[in-house]
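> Structural data only, the sequence is not supplied:
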DNA sequence: GTTCGTATGGTTGTCGACAACCCACCAGGG
DNA sequence: CCCTGGTGGGTTGTCGACAACCATACGAAC
């Protein structure tokens, strides 16, 4: 009955189900752009190339639909979602609602332990210090910080809502224009400090941070919109601008 | 090539896939409490009773997991989620973030057409007038209003986030204590009026409305928590209090 | 030329079968 | 008595097969 006789504290090893593996593989492939936007995801084709059955692929695709990376049309199949400018802005609009809502909840509720968030901030600082551009490590640290932030609100449903936006966020960050580093770090630090003071302005700080990111994304693409000039907010972002 | 030769404007009739039918059936059964909380959802059993195969049931269950009605443990199966008091409060906490975020977006953005929202409000008024207690019709009208509200924010991702909370909301409303009707209607009306004035206080109004609902739910159950007094926020809400 | 019907290849929707797995039970040894 | 190891029933994980379906191309009739 001694529940803690295993004092080595080992992290539970988890076997990955077939669906899980396929899910990860497809998600990474889409985020990294190895599968182009608009491309169809054929079940049998993917199943054979991944060396698995259709069921696993099907379930993985269903999950990717939830994450917004894939679009599904009944009897027609799944397609890698084409992210219009409006879509990219919407990711940040939704994140603004969720994350600022979470922060609002944190400052309104009882005091919370901020150590995990501070640690995430430090890691973000260090990672950014060693990378002069937006690498996967920086992206991971950034996501981590925002996840830790929402976690403090102690709302499983807000966490879930945020989780469905993580994949899209990662995708966008990969194509993010250079963020002014000083501002980037200080934005995050400001949020932490505001939380330490239990400042009512904290929700607005995180919101403003996200709005800035959104504006950068919109700004980067302005010349594209100017080039086509037809229907702004409808062009996929160019993965291969300048290639071939 | 004349795309509008069919001037009758008929609403697209949609055949329901097997999965869709199973999904609806299970969802209603859970919301109405015909399947008790904690009850396991066995795939073969459900498949045979519903006269379908396991695939349909499986996919439906996956969707219900997303909607928060069902909990899933790998290799163990699916179980109707047991909603603790904390869970019920969390539904409203998440809704507060999403809906007040949506309203914040509406008042910050360009003016929008409020006619649909006004219509929803009227319908809510009329429905409530003819029902002295919380019926399915009232619930539907309420949900409709809040959906219309978020819709005005023109954010697909916020709509999606809200959609995942609709099922749980319906479930909670069915067991909602009597809401003071006058306040109930005026709360909604106040939001619409604030939007008409493009009032900065509109987000706070909807947030307060949701907080009131949450408090009512918490209040109703206080004596239960007092009765057990052990771990508050962990008891499922009693479907059969006073029966048999 | 346009419209309709029809054939056809490829894809998804749905199903049942088999393997992998979890869990409760029981027997045996310390 | 407690722990270990094995066993069996029931459930999920995964797969391939067949049916239903969609889109296109190709004629035929007007």
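That came in fine, so what should we check first? Values in this document were obtained by computation on a predicted structure and should not be read as measured data. Numbers count the residues shown, from 1 in each chain, chains lettered A, B, ... in the order given.

> can you tell me which helix or strand residue A:182 belongs to?
According to DSSP states H and E, residue A:182 maps onto helix A:181-196.

> Up against DNA strand C, what does chain A have?
A:15, A:40-45, A:54-55, A:58, A:74-78 (CB under 7 Å from any atom of the strand). All C-beta atoms are positioned from the backbone trio N, CA, C, and that covers glycine.

> which strands and helices sit next to the helix holding residue A:182?
Applying 3 or more CB pairs under 8 Å, 6 or more residues apart in numbering or on different chains; DSSP states H and E, one finds that helix A:181-196 contacts helix A:85-108, helix A:115-130, helix A:202-220.

> let's go with 7 Å and repeat that
Under the contact definition 3 or more CB pairs under 7 Å, 6 or more residues apart in numbering or on different chains; DSSP states H and E, helix A:181-196 sits against helix A:115-130, helix A:202-220.

> and the longest one, anywhere near chain B?
No - using CB under 7 Å from any CB of the partner chain, helix A:202-220 stays clear of chain B, coming no nearer than 8.6 Å.

> what angle sits between that helix and helix B:85-108?
Relative orientation of helix A:202-220 versus helix B:85-108 (axes from the mean of the first three to the mean of the last three CA atoms, to 10 degrees): 50 degrees.

> that older thread, what's the helix holding residue A:182 in contact with?
A:106-107, A:114, A:117-118, A:121, A:124-125, A:128, A:145, A:201-202, A:205-206, A:209 (CB atoms under 7 Å, 6 or more residues apart in numbering or on different chains).

> tell me the angle it makes with helix A:202-220.
160 degrees.

> How confident was the prediction at the most centrally placed residue in chain A?
What sits nearest the mean C-alpha location of chain A, by CA atoms, centre = their mean, is residue A:166, with 2.5 Å. Looking at residue A:166, its pLDDT stands at 98.

> in chain A, what secondary structure element scores lowest on mean pLDDT?
In chain A, no helix or strand scores lower on mean pLDDT, DSSP states H and E than helix A:222-228, which sits at a mean of 48.

> What's the separation between residue A:173 and residue A:181?
14 Å (CB to CB, to the nearest Å).

> Could you say which helix or strand holds residue A:157?
helix A:156-174.

> now residue A:72, what's its secondary structure?
Per DSSP: H, G, I helix; E, B strand; the rest coil, the secondary structure class of residue A:72 is strand.

> Am I right that it is in contact with residue A:65?
Yes - if you go by CB atoms under 7 Å, residue A:72 and residue A:65 touch, sitting 5.0 Å apart.

> what's the closest of the residues of chain A next to DNA strand C to residue A:30?
residue A:41 (9.0 Å; CB to CB).

> And for that closest one, the neighbour number?
21 (other CB atoms under 10 Å in any protein chain shown).

> what bridges to it?
residue A:78 (DSSP bridges).

> need the contact list for it.
A:61, A:70, A:77, A:78, A:79, A:80.

> Get me the contact residues on chain A for chain B.
Residues of chain A lying near chain B (CB under 7 Å from any CB): A:17, A:62, A:66, A:74, A:90-91, A:93-94, A:96-98, A:100-102, A:105, A:155-158, A:161, A:165.

> How about the contacts made by the spatially closest residue to residue A:50 that is not a sequence neighbour?
Setting aside the residues directly before and after it, residue A:50 is nearest to residue A:22 in space (CB to CB, 6 or more residues apart in numbering or on different chains), at 5.8 Å. The contact partners of residue A:22, by CB under 7 Å, 6+ apart, come to A:50, A:52, A:56, A:57, A:60.

> try 10 Å
By CB atoms under 10 Å, 6 or more residues apart in numbering or on different chains, residue A:22 lies in contact with A:16, A:46-47, A:50-53, A:55-61, A:63-64.

> do residue A:200 as well
Applying CB under 10 Å, 6+ apart, the residues near residue A:200 are A:104, A:107, A:108, A:194.

> so can I have TSV of those showing distance to residue A:139 and pLDDT?
Shown next, in TSV, are the contacts of residue A:200 (distance: CB to CB, whole Å; pLDDT from 0 to 100):
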residue	distance to residue A:139	pLDDT
A:104	26	98
A:107	27	97
A:108	30	95
A:194	24	97
